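K.L.:
fold the following.
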Amino acid sequence: MPQLVKGGKYVFGWTIVRINRDIFIPDEAYLEYGFINDEKAILMSGSKKSGGFGLSSKRLLADTPIGNLLTKYPDLLNYKINEGAIKKINNRIFSWVNIKKEKSIKLTENLLDAFNIKINKKLLVARGSGLALGFITSGPIYEEAKKHPEILIF
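P.N.:
Residues are numbered from 1 along each chain as shown. I've put the predicted structure just below:
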């Protein structure tokens, strides 16, 4: 897993939004974040600078400010809303998706729109805060990564 610049974020690689809206999670990231096949995962919008979204789980978010916030929205936290349905909380977008056995997720059309992502878009998969795996779509980290041909594409 390369570190793009000294003191910068670690990246796992690039992933591409497939025509069927599947996005693959690199093996190293899948293991580091402890994701499980057929686990339900929480999506949350990324920062304004980096765009994209973070992929997390109730387990990773437990006893954190975001996890505590989500307890006020049991329909999302307990997956009572439809998969891929959008919940706006404090100017952030939240949703949930199922992690498939192929170590991938499928975004709905409304999630693509909400996160401003298009089919065939390259997403930079980066270590986030430890609470969520980042799928970055823009900003300085994304631009720096484009200068590194050694970064694998998944």
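
K.L.:
what ranges does this protein have for its helices?
P.N.:
All helices of the chain, identified by DSSP state H, fall at 27-32, 58-61, 65-70, 74-77, 109-114, 140-145.

K.L.:
so, low pLDDT: which residues of the chain?
P.N.:
1-3, 5-7 (pLDDT under 70).

K.L.:
can you count the residues close to the residue nearest to E109 when sequence neighbours are not counted?
P.N.:
Nearest residue to E109, sequence neighbours excluded (Cβ to Cβ, 6 or more residues apart in numbering): R21, at 7.5 Å. Just so you know, the C-beta spots here come from the backbone N, C-alpha and C atoms, and that holds for glycine as well. Using other Cβ atoms under 10 Å, R21 is surrounded by 17 other residues.

K.L.:
with I117 instead?
P.N.:
So I117, with other Cβ under 10 Å, has 20 neighbours.

K.L.:
that older thread, which stretch among the helices of the chain approaches V125 most closely?
P.N.:
Among the helices of the chain, helix 27-32 comes nearest to V125, with 5.7 Å by Cβ to Cβ.

K.L.:
please name the nearest non-neighbouring residue to A145.
P.N.:
Using Cβ to Cβ, 6+ apart, the nearest residue to A145 is L124, at 5.0 Å.

K.L.:
I'd guessed the one you found sits against E144; true?
P.N.:
No. In this structure L124 lies outside contact range of E144 using Cβ atoms under 8 Å: 9.3 Å.

K.L.:
and the strands in the protein, which stretches?
P.N.:
Taking DSSP state E as the test, the strands found in the chain are 11-16, 22-24, 40-45, 53-56, 87-89, 92-98, 104-106, 122-126, 133-136.

K.L.:
K72: which of those is closest?
P.N.:
That would be strand 87-89 among those, by Cβ to Cβ, at 8.2 Å.

K.L.:
how many neighbours does the nearest residue to I153 once chain neighbours are set aside have?
P.N.:
Setting aside the residues directly before and after it, I153 is nearest to W14 in space (Cβ to Cβ, 6+ apart), at 4.5 Å. Residues near W14, counting by other Cβ under 10 Å, number 19.

K.L.:
so W14 makes contact with E150?
P.N.:
No. In this structure, W14 is not within contact of E150 by Cβ under 8 Å, at 11.2 Å.
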